[in-house]
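Asks: Next come a sequence and a model predicted from it.
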Amino acid sequence: MTQQVEQGSTDQDRTDAALAQLAEFRDARSRAVVGPRGNLALVNTQWITGDPAVGQPVWGVPGLWAPLPAGVSGLALTAAASEGITVDGDVVDGSVLVAGLDAMQPSSIRFSDTLTGTVIAGEDGGYALRVWDAASEGIRDFGRIDAFPYDPDWVVEATFTPIPGRGEVSIAHLQDEGRTRQRALPGEITFTRDGIDYNLVAFEDGPSLLLVFADATNGVSTYSVGRFLRVSPEGDGTIRLDFNRAYLPPCAFSYNFNCPIAPAQNRLTIPIEAGERMVLATDGTPLHD
């Protein structure tokens with residue numbers, strides 16, 4: 001459980017508590033990435049765009065998959081009972097609707113003891129099948145998530161300034177071939193480091209804000225694409241950026257994720273030597289560049 005630091009505690013007490021909380025955070029991360037639906041388990045993401053009357057195969061799993069009419073969540077699956085696919089616990093023998101994760105009741109898909117599936121929605125209205133393997137090569141070869149030691153100097157007290165009427169930021173993704181997606185931008189984050197002012201943006205992502213950033217360590221001592229940090233502004237306009245909790249994006253674990261790339265204002269020229277560095281294999285070499 002997260003430790004609480006009482007009033008009157010010493011700097012050492014606060015450091016000890018921060019170290020314990022960070023160790024808990026990192027342990028949870030290491031467990032999560034090797035789970036049956038963890039980052040290392042994703043072995044395929046395939047968008048289904050074929051002729052609905054014919055369907056298309058998906059690498060690594062049986063069945064034919066086809067898009068549904070616009071406005072209907074999910075995909076159509078056609079398979080024989082001998083192929084052993086179950087949807088919501090029932091063996092598929094013929095054609096069924098497989099509901100996406102955006103549906104009120106997403107479908108549960110199982111191909112074998114280790115292979116499962118989920119259907120995700122794209123921003124353009126299309127759907128893809130994701131295939132998860134609880135015994136993937138990534139899980140088999142995983143050693144650890146390498147990380148910098150805790151550094152209290154990288155716990156930064158910043159200011160959050162809301163944008164009147166809210167704004168938008170254009171975010172590129174690794175596999176989008178230069179196209180960008182618009183994300184809701186509730187405000188800007190500013191802080192000063194060594195006399196230099198920095199102005200960052202974090203977009204809405206679930207209950208918190210997601211800061212996608214790059215820095216001078218990328219491609220040198222950290223994953224080349226960049227890193228993520230979840231942040232939450234306080235009611236008084238302050239926001240804490242604890243870069244010790246910076247973490248690797250899903251695409252650092254599997255090439256089948258399409259991760260956002262840091263926007264221009266979040267590409268820092270200074271090295272942030274805090275947080276996760278890279279994914280290492282059991283032999284100590286990088287699992288991905």
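Replies: Yep, it's here.
Asks: so who does Leu77 touch?
Replies: 63-66, 85, 87, 92, 95-98 (CB atoms under 8 Å, 6 or more residues apart in numbering). Every C-beta, even on glycine, is put in place using the N, C-alpha and C of the backbone.
Asks: How is it assigned, secondary-structure-wise?
Replies: For Leu77, the reduced secondary structure class is strand; criterion used: DSSP: H, G, I helix; E, B strand; the rest coil.
Asks: Name the residues linked to Val91 by a beta bridge.
Replies: Note on Val91: beta-bridge partners Thr86, judged by DSSP bridges.
Asks: For Ile48, which non-adjacent residue is spatially closest?
Replies: Nearest-residue entry for Ile48: Trp65, 4.9 Å, with adjacent residues in sequence omitted and distances by CB to CB, 6 or more residues apart in numbering.
Asks: so what's the backbone phi/psi at that neighbour?
Replies: Recorded main-chain torsions at Trp65 are phi -120, psi 140, according to degrees, to the nearest 10.
Asks: For Ala103, see how far away it is.
Replies: With distances taken as CB to CB, to the nearest Å, Trp65 is found 16 Å from Ala103.
Asks: Which helix or strand contains Gly138?
Replies: Of the helices and strands defined by DSSP states H and E, Gly138 is found in helix 137-141.
Asks: for that helix, what is the average pLDDT?
Replies: Summarised as a single mean, pLDDT over helix 137-141 is 97.
Asks: Can you name the residues in contact with it?
Replies: The set of residues external to helix 137-141 that reach it, using CB under 8 Å, 6+ apart, is 34, 38, 40-41, 43, 133, 253-254, 281-282, 287.
Asks: what mean pLDDT does stretch 76-90 have?
Replies: What stretch 76-90 shows for mean pLDDT is 98.
Asks: Check the offset of it from the chain's centre.
Replies: Relative to the centre of its chain, stretch 76-90 is centred 29 Å away, using CA atoms, centre = their mean, to the nearest Å.
Asks: Figure out the length between the terminal residues of it.
Replies: In stretch 76-90, first residue to last residue: 15 Å (CA to CA, to the nearest Å).
Asks: Equivalent analysis for stretch 51-62, please.
Replies: For stretch 51-62, the end-to-end distance is 17 Å (CA to CA).
Asks: Pull out the buried residues from it.
Replies: By neighbour count with 16 or more other CB atoms under 10 Å, stretch 51-62 contains the buried residues 55-56, 58, 61-62.
Asks: Look up how far Gly235 lies from Tyr247.
Replies: For Tyr247 relative to Gly235 (CB to CB), the value is 26 Å.
Asks: Among the two, which residue is more densely surrounded?
Replies: The residue with more neighbours, out of Tyr247 and Gly235 and counting by other CB atoms under 10 Å, is Tyr247; that gives 17 against 5.
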